[in-house]
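>>> Have a look; sequence and predicted model below, questions after that.
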Amino acid sequence: MRSRWLPLLLVVVLVSLSQGSSAATFDVGSGGAPDCTFWCVDRYQQVYASSIFSGPVSIDSISFFAAPLNGGPNWNGISTWQMTISTSTNPVGALDPAFINNVGGDVAVFDTRTFTGTQSVNDLITFDGAGSFFYDPGTAIC
């Protein structure tokens, strides 16, 4: 018997999607909760279940809510971040501590951005992809 896994999308907090010629914002989570993603870690991974997507999508931008713990800057001076995106066979709540073990064969650099300044809670920190990442939640990985 072969087990089949729906690919999980390894992404971040707020995903802007376009389907065909229309565009939609797909919101996962909310702002206002303290977070230190951009000022206390060097690497960060997050995975979302394929079930939150209604069908194939082209991901064009990904945003985080700015929610610094101390209300100050999310980065110290100037900070450059590279975002990669891929599918993963590791489910929500079960990412491997070794980051590379969570990344699928379709991994791609989504965007590299340099940020400066201070953000208020609920401001968005946005990565606009150099292209798009096509994701089909119905594609099975065996």
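In hand now; what should we look at? Numbering: from 1, shown residues only.
>>> residues in contact with Asp128?
Contacts for Asp128 were tallied using Cβ atoms under 8 Å, 6 or more residues apart in numbering; they are Asp60, Ser61, Asp111. Backbone N, C-alpha and C define where each C-beta goes, glycine included.
>>> Least confident secondary structure element in the protein?
strand 14-19 (a mean of 36; mean pLDDT, DSSP states H and E).
>>> how about low-confidence regions in the chain?
Scanning the chain for pLDDT under 70 picks out 1-41, 66-77, 119-122, 140-142.
>>> Sketch out the strands for it, chain order is fine.
Using DSSP state E, the strands found in the chain span residues 8-10, 14-19, 22-27, 47-48, 57-65, 78-88, 108-116, 124-135.
>>> what comes up buried for the last one?
I take that to be strand 124-135. Residues of strand 124-135 classed as buried by neighbour count (16 or more other Cβ atoms under 10 Å): Ile125, Phe127, Gly129, Phe133, Tyr135.
>>> wait, isn't the third one in contact with Thr84?
No - here Gly129 lies out of contact with Thr84, judged by Cβ atoms under 8 Å, at a distance of 10.8 Å.
>>> any residues in contact with both of these two?
Residues touching both Gly129 and Thr84 by Cβ under 8 Å, 6+ apart: Phe110.
>>> Pick the most buried one from the strands of the chain.
Highest mean neighbour count of the strands of the chain: strand 8-10, a mean of 23 (counted as mean count of other Cβ atoms under 10 Å).
>>> circling back to that earlier point, which of the buried residues of strand 124-135 lies closest to Ile100?
For the buried residues of strand 124-135, the residue nearest Ile100 by Cβ to Cβ is Phe133; the value is 18.7 Å.
>>> who are the neighbours in contact with the closest one?
Phe133 touches Ser58, Ile59, Ile85, Ala108, Phe110, counting by Cβ under 8 Å, 6+ apart.
>>> How much space separates the first one from Ser50?
Between Ser58 and Ser50 the distance is 16 Å, computed by Cβ to Cβ, to the nearest Å.
>>> and if you look at the third one?
Taking Cβ to Cβ as the measure, Ile85 falls 14 Å from Ser50.
>>> ok, now Phe110?
The gap separating Phe110 from Ser50 is 18 Å, by Cβ to Cβ.
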